[in-house]
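Enquirer: Structure for this input, please:
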Amino acid sequence: MYTMRLLNQRDVDSLLEMGSVVECVEEAYRLYSTGEAGLWPVIFHEFQPGVRDMDIKSGHLDGAGLFGLKVVGYSAENPEKIHAPALAGLVLVFSIETGQPLGLVDGMTVTNLRTGAAGAVGAKLLARKNSRHAFLCGTGAQGRAQLAGLASVLPGLERVTATGPVAEMNEKYREEMRRKFPGLVIETVPWEDRREGISQADIIVTCTPAREPFIMKEWVRPGTHINAIGADMTEKQEIDPQLVASAKLFVDSASQTLHHGECHHAYDAGLISEKEVTEIGSVLAGKTEGRRGDEDITLFDATGMALQDIITSRLALKLAEEKGLGTVIEM
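Expert: This is a model prediction of the structure:
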């Protein structure tokens with residue numbers, strides 16, 4: 001018999017803050033790129049294309065003594081039909097030493113936090129140090145997480161412009177984010193007017209479910225950093241492949257991004273090679289350089305790895321044990 005701890009959304013929200021999650025994500029990237037962690041193949045199935053699907057991401061962090069998986073289900077009709085989020089998921093964390101499960105954690109809270117933290121790591125390492133203006137494409141849950149991530153690592157950030165194709169979501173985003181980040185100038189613009197803001201930004205973040213490019217090469221000025229977050233499956237795409245090919249490319253997992261990240265569209269078109277992609281964990285480990293000059297366009301392609309979910313969930317479980325939160329069950 002053994003025990004495991006269950007953490008729901010409220011538990012995770014009360015336990016984790018962005019700064020500590022950024023540290024978790026950095027550790028996952030370092031372990032992966034130094035051979036102390038690995039991924040197993042992603043399982044993805046569409047029950048009804050664009051409407052219902054599921055995926056399972058899993059992996060091991062030998063350097064942290066953990067392995068586990070995240071299962072996510074998607075139903076586009078949930079918000080309207082049952083007044084529930086379109087996405088739901090769970091993270092299951094195991095100990096390598098004992099082989100026993102340590103806990104089961106709400107997957108969507110962890111996903112939002114660790115993906116926002118991934119964007120934070122990309123901007124922290126690759127954006128110009130004098131970056132002041134960020135332009136976010138996507139005003140949903142991930143647009144909120146990405147802003148939280150940027151704000152946690154960029155003390156010089158002054159202005160944020162955001163947009164998405166749904167005007168009502170943009171308005172809600174603007175009001176919520178102004179309340180949450182009173183020290184920032186936060187504006188939204190109509191989706192069709194995004195080009196002007198993109199051309200003036202120091203940092204661009206894309207976090208939408210788009211399946212065709214909506215940012216063109218000629219829109220982006222030299223020195224810009226781009227966090228490409230939304231294209232986490234083969235059919236998703238947000239950025240002009242020509243723009244990808246012109247940038248200095250950094251990724252979470254080279255094999256993964258060339259298969260189903262933003263980079264894979266440029267790779268499949270023969271515009272980039274494997275040698276042009278650098279894992280961000282290698283930069284964190286001091287093995288390779290990040291940005292080399294103020295005129296470089298840098299791009300971080302973050303497809304998402306189960307390693308981030310596992311190590312972040314383990315932190316939540318540790319803190320919950322210390323504070324007596326969650327539900328402990330005997331198995």
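
Enquirer: And the strands in the stretch 151-300 of the chain, which stretches?
Expert: 159-163, 185-188, 203-206, 211-215, 225-228, 237-239, 248-251, 277-279, 298-301 (DSSP state E, counting those that start in this stretch).

Enquirer: Partner strands of the last one and their direction?
Expert: In this case it means strand 298-301. strand 225-228 (parallel), strand 248-251 (parallel) (DSSP bridges).

Enquirer: who's in contact with Ala201?
Expert: His133, Ala134, Phe135, Thr161, Thr224 (CB atoms under 8 Å, 6 or more residues apart in numbering). All C-beta spots, glycine's among them, are computed from the backbone N, C-alpha and C.

Enquirer: repeat for Glu276
Expert: Leu249.

Enquirer: Also Thr3?
Expert: Per CB under 8 Å, 6+ apart, neighbours of Thr3: Val328, Ile329, Glu330, Met331.

Enquirer: if we go to 10 Å?
Expert: Gln100, Pro101, Leu102, Gly103, Val328, Ile329, Glu330, Met331 (CB atoms under 10 Å, 6 or more residues apart in numbering).

Enquirer: can the residues you listed go into CSV with extra columns for pLDDT and secondary structure?
Expert: Listed next are the contacts of Thr3 as CSV, based on pLDDT from 0 to 100; DSSP: H, G, I helix; E, B strand; the rest coil:
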residue, pLDDT, secondary structure
Gln100, 96, coil
Pro101, 97, strand
Leu102, 97, strand
Gly103, 98, strand
Val328, 96, strand
Ile329, 94, strand
Glu330, 90, strand
Met331, 85, coil
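
Enquirer: how about the helices of the stretch 101-250 of the chain, start to end?
Expert: With DSSP state H, counting those that start in this stretch, the ranges of helices along the stretch 101-250 of the chain come out as 107-126, 141-153, 167-180, 194-200, 241-246.

Enquirer: Mean neighbour count, distance to Leu61 and mean pLDDT for those - can I get that in a markdown table?
Expert: Below are the helices of the stretch 101-250 of the chain laid out as a markdown table (neighbours: other CB atoms under 10 Å; distance: least, CB to CB, whole Å; pLDDT from 0 to 100):
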| stretch | mean neighbour count | distance to Leu61 | mean pLDDT |
| --- | --- | --- | --- |
| helix 107-126 | 25 | 13 | 97 |
| helix 141-153 | 24 | 21 | 97 |
| helix 167-180 | 15 | 31 | 97 |
| helix 194-200 | 17 | 36 | 97 |
| helix 241-246 | 20 | 29 | 98 |
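
Enquirer: thinking again about what came up before, turn the buried ones among the contacts of Thr3 into a named PyMOL selection, would you?
Expert: Filtering the contacts of Thr3 down to the buried ones (16 or more other CB atoms under 10 Å) takes a single PyMOL command:
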select buried, resi 101+102+103
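
Enquirer: could you redo the contacts of Thr3 as a markdown table and give each row distance to Arg5?
Expert: Formatted as a markdown table, these follow (distance: CB to CB, whole Å):
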| residue | distance to Arg5 |
| --- | --- |
| Gln100 | 12 |
| Pro101 | 9 |
| Leu102 | 7 |
| Gly103 | 4 |
| Val328 | 5 |
| Ile329 | 8 |
| Glu330 | 11 |
| Met331 | 11 |
